[in-house]
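1. here are the coordinates; sequence isn't available:
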């Protein structure tokens, strides 16, 4: 079934896209911040993806692909870095819309950041010779460390909530990709620890992807808000 991967992509994004125009979320109004965030995130992760493909960290089963490539990456893999971030940011925005603010809840983000920072550091120390594990954990520690010491934005509390919620659809997506397999892994380059057919590194990789995209999304939102406020002052 050479359309399986593209169907997985479409299945991941169809519900978020359908609900982007309704309810209190009105997600389409945030597209001005969303699309630049997704594009920048995709550029970074596609470069990473291409490198890992060249290094034989993972590969793609042509049986489930349309057969069109961008360098060594199937077009479905390129599409993945647009559909999955869209789904993730939609979940994040829905949670921000429907969850009441709580100072105690907002403060928890530091503890969750420290927890995942510690997990990533531990795996990096013990599996530094495994390329998938080492690079994923290194990038994640740098990002989380920056959030702890420099950015320090409370939106991270909503991020962790969204990450937990997104685990369910991501489990379905990752299971479909790894059990068929659409994507296969070089076990010499990861810990060998897995949930079924899903390497544990995938969960940290997804967290890295979501953190980067949502961080950029929030930044573009703030830039847009400052622009609108400046425009109002100039026109009044």
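-> Structure received. Predicted model, so just to flag it, every value in this text is computed and none were measured. Residues are numbered from 1 along each chain as shown.
2. if I look at residue 215, how far off is residue 40?
-> As judged by C-beta to C-beta, to the nearest Å, residue 215 and residue 40 stand 10 Å apart. To be clear about C-beta, it is placed using only N, CA and C from the backbone, and glycine gets the same treatment.
3. Give me the more crowded residue out of these two.
-> Between residue 215 and residue 40, counted using other C-beta atoms under 10 Å, the more crowded position is residue 215 (20 against 16).
4. so where does the more buried one fall, helix or strand?
-> Using DSSP states H and E, residue 215 sits in helix 200-235.
5. how about low-confidence regions in this protein?
-> 1, 101-106, 152, 224-236 (pLDDT under 70).
6. can you do 90?
-> Across the chain, the ranges flagged by pLDDT under 90 are 1-2, 22-26, 96-113, 146-159, 161, 221-236.
7. What are the boundaries of the helices in it?
-> Assigned by DSSP state H, the helices in the chain fall at 4-18, 31-54, 75-98, 103-126, 131-146, 155-179, 200-235.
8. mind putting the ones you listed in a markdown table, distance to residue 185 included?
-> Listed next are the helices of the chain as a markdown table, based on distance: least, C-beta to C-beta, whole Å:
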| stretch | distance to residue 185 |
| --- | --- |
| helix 4-18 | 16 |
| helix 31-54 | 10 |
| helix 75-98 | 14 |
| helix 103-126 | 16 |
| helix 131-146 | 7 |
| helix 155-179 | 8 |
| helix 200-235 | 9 |
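9. closest one to residue 187 among these?
-> Residue 187 sits nearest to helix 131-146 of all these, at 9.6 Å, using C-beta to C-beta.
10. For residue 19, list the residues it contacts.
-> Going by C-beta atoms under 8 Å, 6 or more residues apart in numbering, residue 19 touches 25, 27, 90.
11. at 7 Å instead, please
-> By C-beta atoms under 7 Å, 6 or more residues apart in numbering, the contact list for residue 19 reads residue 25.
12. Could you report the separation of it from residue 91?
-> Per C-beta to C-beta, residue 19 is found 11 Å from residue 91.
13. Residue 206 now?
-> Between residue 206 and residue 91 the computed distance is 12 Å (C-beta to C-beta).
14. Residue 77: neighbour count?
-> For residue 77, the count of nearby residues is 23 (other C-beta under 10 Å).
15. Was I right to think it contacts residue 49?
-> Yes - under the criterion of C-beta atoms under 7 Å, residue 77 makes contact with residue 49 at 6.5 Å.
16. Make sure residue 159 is actually in contact with residue 92.
-> Yes - between residue 159 and residue 92 there is a contact under C-beta under 7 Å: 6.4 Å.
17. any residues in contact with both of the two?
-> Counting by C-beta under 7 Å, 6+ apart, the residues touching both residue 159 and residue 92 are residue 214.
18. contacting residues around the nearest residue to residue 5 once chain neighbours are set aside?
-> Among residues not flanking residue 5 along the chain, residue 76 sits closest, at 3.8 Å (C-beta to C-beta, 6 or more residues apart in numbering). If a contact means C-beta under 7 Å, 6+ apart, then residue 76 has 5-6, 9, 65-66 as its contacts.
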